[in-house]
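Asks: Give me a model of this one.
(chains A and B)
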Amino acid sequence: MGERYALAEGLRAYGLIAGMWVRSSMTYRASFVITVFGNLVVTALDFVAILLMFAQVDSLGGWSLPEVAFLYGLSATAFGIADLVLGSMDVLGGRIRDGSFDTLLVRPAPVLAQVGADHFALRRLGRITQGVAVLGYALVTVDVDWSAPKVLLVPVMVVSGAAIFSALFVAGAAFQIFAQDAAEVQNAFTYGGTTLLQYPPTVFGKDLVRGVTFMLPLAFVNWVPAAHVLGRPYPVDLPEWTAFVSPLVAVACCALAGLAWRTGLRSYRSTGS
Amino acid sequence: MGSGRLYLAVAVGGFRRYATYRAATAAGVFTNTVFGVILVYTYLALWDEKPHLGGYDQAQAVTYVWLGQCLYATLAIQGGGAEKDLMERIRTGEIAVDLYRPADLQLWWLAGDMGRALFQMLGRGVVPFVFGALFFPMALPTAPTAWAACLVALLLAMVVSFAIRYLAALSVFWLMDGMGVNQALMITGIFFSGMVLPLNAFPGVFGDIVLVLPWAAQIQMPADVLMGETDPLGAFAFQAAWAVVLLAAGRLLQSAATRRVVVQGG
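Replies: Numbering: from 1, shown residues only, chains lettered A, B, ... in the order given. From the prediction side, this is the model:
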């Protein structure tokens, strides 16, 4: 009973609701295939931009194409997973505005699970697919002296990165309870975050790198662990061991996001309509 | 009532409709500013490696980024302007009401979209641009004529942007669902407008091709006019030519579509 029971219940509710959305999207199979493909192409444009840049130069901020592709693949895959699981949370603002959020509150299932699975869209597999493809390309071409810890860091980065981005989505959803119309602010952190991490930290200003290391710890999605794998200097001269703390950072982010979500939920006031 | 006044009223309506959502506008300003900062740093790194890429220096590349952020919502680069409503009206059959109005369908939607674009530029575009000018070195002209020329280029860009999206929206008369078309609009808009990279920095023959496509009229032309990189009259002619061609194509498609429109129910 207690916490563990609530978690199991939440996952079950999430699965049921997500399954319902999948069934509904499968009704129009051709449309589904086209949207998966479209999602793949749209999200791949970021990488096309990087390829266009490397058509003109040999390195960016001192990093080669395979190294940047490594960063890109990790960032896009981790973000893609979070986007698939919780990415539809940006419709929450609309639900609060039209009052349909109240319906979710009275149902006998955790609200977070309901909101997370709302409009669950399997087409977001497109983003993951292209992220994994670029990561695969990077792993084949990048010049790394692979050791056991380095190999292990790759899946650790993807999983912790997905958790950090998920925490961002949940915190963003909590923010929407206060600022219903301002849902787009969330995009600056989620989509902006993944775009930022697709480029080497050496490209950006020192204060910006410091900010995404200590304030909003996005650097632990890929920059810090990837610097260890690639044998590059760490951003903001972090000590050697920080390459392995991403899972801890992810747990801390999820805990904080959970707190923010509870606070938001408690202070929710219905529009009354 | 003169028909000029009618379309002006429609444009004002479009402007006011978008001006209503203040929090959403502020959120958009914030997001455009964040993306602008990220893009500026990546462009600076690129131009650091290869100075004078595409004939721009670093300050010009920075200016291009912030103009792009200013025009992102203005020109509905990834869609979401008048075409979204138009598609929905065609899908639901409400378009029949529009066709009954004693007004020209294309001009009506053009006026509404121009109103929307003007608001997005003033409400959402100016602030990120000013932010960029304050915190990054930009290549801004001092002569008022250059700004005036840029304004003309912007107005023409708005018309071209509408003309492209109007064509896309009309396709729903045959397709019945705008999802795929919207995706195509988004992909072509982001890529060929030069949102990912200035078109003059595209490599080789590909670079030559993208510079003559209609999307080049959207960000590249106003940017080049603002920074004195091209002859304004030549740029205006390029934009106007595409505007005329695309609007004329829109008219043809419109007459073909309205001849076959069958509205369900009663």
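Asks: C-alpha only now, for contacts and for neighbours.
Replies: Fine.
Asks: thought B:Ala235 was touching B:Ala153?
Replies: Yes - at 7.5 Å, B:Ala235 and B:Ala153 qualify as touching, with contact defined as C-alpha atoms under 8 Å.
Asks: more crowded one of those two?
Replies: Set side by side, B:Ala235 and B:Ala153 show more neighbours around B:Ala153, with 28 against 20, by other C-alpha atoms under 10 Å in any protein chain shown.
Asks: circling back: pull up the overlap in contacts between B:Ala235 and B:Ala153.
Replies: B:Met221, B:Val225 (C-alpha atoms under 8 Å, 6 or more residues apart in numbering or on different chains).
Asks: Quick check: the gap between A:Ala255 and B:Gln78.
Replies: Taking C-alpha to C-alpha, to the nearest Å as the measure, A:Ala255 and B:Gln78 are separated by 35 Å.
Asks: what about those two, which has more around it?
Replies: For the pair A:Ala255 and B:Gln78, the greater number of neighbours falls to B:Gln78 (20 against 13), based on other C-alpha under 10 Å.
Asks: Setting the sequence-adjacent residues aside, check what's closest to that one.
Replies: B:Met186 (4.2 Å; C-alpha to C-alpha, 6 or more residues apart in numbering or on different chains).
Asks: quick one, what contacts that neighbour?
Replies: Applying C-alpha under 8 Å, 6+ apart, the residues near B:Met186 are A:Val42, B:Ile77, B:Gln78, B:Gly79.
Asks: again, only this time at 10 Å
Replies: By C-alpha atoms under 10 Å, 6 or more residues apart in numbering or on different chains, B:Met186 lies in contact with A:Gly38, A:Val42, B:Ala76, B:Ile77, B:Gln78, B:Gly79, B:Gly80, B:Gly180.
Asks: Is it correct that the last one is in contact with B:Met87?
Replies: No - taking C-alpha atoms under 10 Å as the definition, B:Gly180 is not a contact partner of B:Met87, at 11.8 Å.
Asks: Could you pull out the residues contacting both of these two?
Replies: By C-alpha under 10 Å, 6+ apart, B:Gly180 and B:Met87 have these common neighbours: B:Val172.
Asks: Neighbours of residue 146, how many?
Replies: I went with chain A, as the question did not name one. By other C-alpha under 10 Å, the residues close to A:Trp146 number 11.
Asks: you looked at the wrong chain, it should be chain B
Replies: By other C-alpha under 10 Å, the residues close to B:Ala146 number 17.
Asks: near chain A, which residues of the stretch 101-250 of chain B?
Replies: Residues of the stretch 101-250 of chain B lying close to chain A (C-alpha under 10 Å from any C-alpha of the partner chain) are B:177, B:179-180, B:182-184, B:186-188, B:190-191, B:194-197, B:201-204.
Asks: Test my guess that B:Leu246 contacts B:Trp215.
Replies: No - at 11.4 Å, B:Leu246 does not count as touching B:Trp215 under the criterion of C-alpha under 10 Å.
Asks: shared neighbours of these two, anything?
Replies: Contacts common to B:Leu246 and B:Trp215, judged by C-alpha under 10 Å, 6+ apart, are B:Val160, B:Ser161, B:Ile164.
Asks: Mind pulling the model confidence for residue 38?
Replies: Because you didn't say which chain, this covers chain A. You'll see A:Gly38 listed with a pLDDT of 88.
Asks: oops, I was thinking of chain B
Replies: Looking at B:Ile38, its pLDDT is 96.
Asks: Now do the helix or strand containing it: which elements does it pack against?
Replies: In the assignment (DSSP states H and E), B:Ile38 maps to helix B:22-49. In terms of contacts (3 or more C-alpha pairs under 10 Å, 6 or more residues apart in numbering or on different chains; DSSP states H and E), helix B:22-49 is packed against helix A:29-54, helix A:184-197, helix B:3-19, helix B:58-74, helix B:126-135.
Asks: now whichever helix or strand comes after the shortest one: how far from the chain's centre is it?
Replies: Pointing back at helix B:126-135 there. Sequence order places helix B:144-170 as the next helix or strand after helix B:126-135, per DSSP H and E. Its chain's average C-alpha position is 6 Å from that of helix B:144-170, according to C-alpha atoms, centre = their mean, to the nearest Å.
Asks: can you count the residues close to A:Leu122?
Replies: Look at A:Leu122: counted by other C-alpha under 10 Å, it has 18 neighbours.
Asks: One more: A:Leu139?
Replies: There are 17 residues near A:Leu139, going by other C-alpha under 10 Å.
Asks: Surely it is in contact with A:Tyr72?
Replies: No - contact criterion C-alpha under 10 Å: A:Leu139 and A:Tyr72 do not qualify, at 11.6 Å.
Asks: Between those two, which contacts overlap?
Replies: Residues touching both A:Leu139 and A:Tyr72 by C-alpha under 10 Å, 6+ apart: A:Pro66.
Asks: Kindly list the longest helix within chain A.
Replies: helix A:148-178 (DSSP state H).
Asks: What helices and strands are in contact with that helix?
Replies: helix A:65-86, helix A:92-98, helix A:111-117, helix A:184-197, helix A:223-230, helix A:246-266.
Asks: Mind doing that once more with 8 Å?
Replies: Helices and strands touching helix A:148-178, by 3 or more C-alpha pairs under 8 Å, 6 or more residues apart in numbering or on different chains; DSSP states H and E, are helix A:65-86, helix A:92-98, helix A:184-197, helix A:223-230, helix A:246-266.
Asks: Packed most tightly, which of those would that be?
Replies: Stretch with highest mean neighbour count among these: helix A:65-86 (a mean of 26; mean count of other C-alpha atoms under 10 Å in any protein chain shown).
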